[in-house]
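**Student:** One predicted model, sequence on top.
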Amino acid sequence: ETGVTQSPTHLIKTRGQQVTLRCSSQSGHNTVSWYQQALGQGPQFIFQYYREEENGRGNFPPRFSGLQFPNYSSELNVNALELDDSALYLCASSWKTGEGNTIYFGEGSWLTVV
Amino acid sequence: AQTVTQSQPEMSVQEAETVTLSCTYDTSENNYYLFWYKQPPSRQMILVIRQEAYKQQNATENRFSVNFQKAAKSFSLKISDSQLGDTAMYFCAFMIGGGADGLTFGKGTHLIIQP
């Protein structure tokens, strides 16, 4: 158990819809990052939040957005869903960004876009 | 941009054998960190081992050890006395010091431990 919890576990959405995924970070962790893992691939970095501010972003379009709340939990929002957005979305938390601090992952949210 | 390459899509060994998973990376940075993560069928990423680039000594965690060759940009994982529970996807990952670019992962190696 890493202490990082994600919801929902599985969901199915229709192309063009919007989705919100949620993550509770491990206690004491102030940094949350999100990754997209397509089937058969390694995870790809979407973005990272540190103390409620986005401080890093991967190569994802603006329709991928997020929030981090004062309790350091986080949301990932995806607008105008496309079929290629079907993937496992992983949330990860750590204490402070950088410094090679151990990053703990949740079990992920499976998103299927039909 | 950083890249991580894992050239072995799948490996299979007998229980109790030693296995080495390969990883190479490309970067122009000097301050960075390297990781091996294990992803079992439950899909949760579990940290196996980490290495700071500024440390010459190879990291070791029980049955897991790395061979870090900085000049060659190589970071292989050795698993000794392999166990059935080691069966999983293994991902090599890279992070620049500062961490704002997140982890860059390879495509993974599916390791199967046969009884």
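**Tutor:** That came in fine, so what should we check first?
**Student:** Mind listing what's buried along stretch B:31-46?
**Tutor:** B:32-39, B:44-45 (16 or more other Cβ atoms under 10 Å in any protein chain shown). Just so you know, the C-beta spots here come from the backbone N, C-alpha and C atoms, and that holds for glycine as well.
**Student:** Please read the previous query as pertaining to stretch A:25-43.
**Tutor:** A:25-26, A:29-37, A:42-43.
**Student:** okay, that stretch in PDB with CA atoms only?
**Tutor:** Extracted in PDB, the C-alpha atoms of stretch A:25-43 (Å, rounded to 0.1, in the frame of the first residue of the first chain):
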ATOM      1  CA  SER A  25      -2.000  11.800  -2.100                       C
ATOM      2  CA  GLN A  26       0.000  10.100   0.700                       C
ATOM      3  CA  SER A  27      -0.200  11.900   4.000                       C
ATOM      4  CA  GLY A  28       2.500  14.700   4.100                       C
ATOM      5  CA  HIS A  29       3.100  14.700   0.400                       C
ATOM      6  CA  ASN A  30       2.700  18.100  -1.300                       C
ATOM      7  CA  THR A  31       3.500  17.100  -4.900                       C
ATOM      8  CA  VAL A  32       1.100  15.300  -7.100                       C
ATOM      9  CA  SER A  33       1.700  14.200 -10.700                       C
ATOM     10  CA  TRP A  34      -0.400  12.500 -13.300                       C
ATOM     11  CA  TYR A  35       0.600  10.000 -16.000                       C
ATOM     12  CA  GLN A  36      -1.200   8.400 -18.900                       C
ATOM     13  CA  GLN A  37      -0.400   4.800 -19.700                       C
ATOM     14  CA  ALA A  38      -1.700   3.400 -22.900                       C
ATOM     15  CA  LEU A  39      -1.900  -0.400 -23.300                       C
ATOM     16  CA  GLY A  40       1.500  -1.900 -23.800                       C
ATOM     17  CA  GLN A  41       3.400   1.300 -23.200                       C
ATOM     18  CA  GLY A  42       5.200   3.000 -20.400                       C
ATOM     19  CA  PRO A  43       3.500   5.800 -18.500                       C
END
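**Student:** How about the residues of chain B by chain A?
**Tutor:** B:4, B:33, B:37, B:42-47, B:50, B:52, B:91, B:93, B:95-108 (Cβ under 8 Å from any Cβ of the partner chain).
**Student:** which element is the residue nearest the centre of chain A on?
**Tutor:** When Cα atoms, centre = their mean is applied to chain A, the residue found nearest the centroid is residue A:34 (2.9 Å). Residue A:34 is part of strand A:31-37, with elements assigned from DSSP states H and E.
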